[in-house]
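Asks: Sequence and predicted structure, then a few things I'm wondering about:
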Amino acid sequence: MSNRIAVVPGSFDPPTLGHLDIIRRAAGLYDELHVLVVHNPDKEGMLPLALRLRLLEQSIADAELPGKIVVGSWSVGLLVDYAEEVGAGVLVKGIRAQQDVSYETPMAVVNNHLAGVETVFLLADPANSVVSSSLVRQVAGLGGDVSPYVPGAVARYLDQSTPSDF
């Protein structure tokens, strides 16, 4: 039996409980899961890449998620180039609402045409369906409590930072 390898890409800026839920569920579906911090030129970053990686690793460790999970980053080339490099045939994307489907579908089609990489959409848990990294950044930037929306490692980091850091 061949290994079933998948990639969960995202900006993870910062990681949220919604991200962690998708990672947990995807880890149960695949033999190996690569959680990949990718640069999105359409989004303004809050946290440096190295910090996002550390927060993801700590959040995954704290949650004691099952399976083989590799946390990494990719900033050069196409996402499907990374998938091919690690032998992944699937990209896993979390979907919160119709807007996400509209945004993700063209990319899924192109990724399949470019490299034969499939995209699997996992629907967000309703408890996390309204939470996004950008909403967390906005609430944190105004001094609000984001602990209900982010893993403990992220909440601890943001609690130690000042709103002017965002």
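Replies: Okay, I see it.

Asks: Could I get the contacting residues of G45?
Replies: With contacts defined as Cβ atoms under 8 Å, 6 or more residues apart in numbering, G45 is in contact with S11, D13, H39. (C-beta placed from N, C-alpha, C; glycine too.)

Asks: Please verify my assumption that the second one contacts L49.
Replies: This means D13. No. D13 is beyond contact range of L49, at 9.1 Å (criterion: Cβ atoms under 8 Å).

Asks: Neighbour count for the two, which is higher?
Replies: D13 (23 against 16; other Cβ atoms under 10 Å).

Asks: Would you mind finding the longest helix in this protein?
Replies: Secondary structure assigned by DSSP state H gives helix 98-115 as the longest helix of the chain.

Asks: Show me what that helix packs onto, helices and strands only.
Replies: Helix 98-115 is packed against helix 79-86, strand 90-95, strand 118-123, with contacts defined by 3 or more Cβ pairs under 8 Å, 6 or more residues apart in numbering; DSSP states H and E.

Asks: Can you say which of these is nearest to L56?
Replies: Of all the helices and strands packed on helix 98-115, the one in closest proximity to L56, counting by Cβ to Cβ, is strand 90-95 (14.2 Å).

Asks: Partner strands of the closest one and their direction?
Replies: Next to strand 90-95 in the sheet, as set by DSSP bridges, lie strand 5-10 (parallel), strand 118-123 (parallel).

Asks: Turn those strands into TSV, including distance to G143, mean neighbour count and mean pLDDT.
Replies: Shown next, in TSV, are the strands paired with strand 90-95 (distance: least, Cβ to Cβ, whole Å; neighbours: other Cβ atoms under 10 Å; pLDDT from 0 to 100):
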stretch	distance to G143	mean neighbour count	mean pLDDT
strand 5-10	25	23	98
strand 118-123	32	16	98
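
Asks: Figure out which of these is closest to E32.
Replies: Proximity to E32 (Cβ to Cβ) singles out strand 5-10 among the strands paired with strand 90-95, at 4.5 Å.

Asks: wait, what's in contact with the closest residue to G116 other than its chain neighbours?
Replies: Leaving aside its sequence neighbours, G116 sits nearest to G89 (Cβ to Cβ, 6 or more residues apart in numbering; 7.4 Å). Contact analysis of G89 by Cβ under 8 Å, 6+ apart lists R4, I5, A6, A83, G116, V117, E118.

Asks: Distance to V146 for those - can I get that in a markdown table?
Replies: Putting the contacts of G89 into a markdown table (distance: Cβ to Cβ, whole Å) gives the following:
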| residue | distance to V146 |
| --- | --- |
| R4 | 34 |
| I5 | 32 |
| A6 | 28 |
| A83 | 31 |
| G116 | 39 |
| V117 | 33 |
| E118 | 33 |
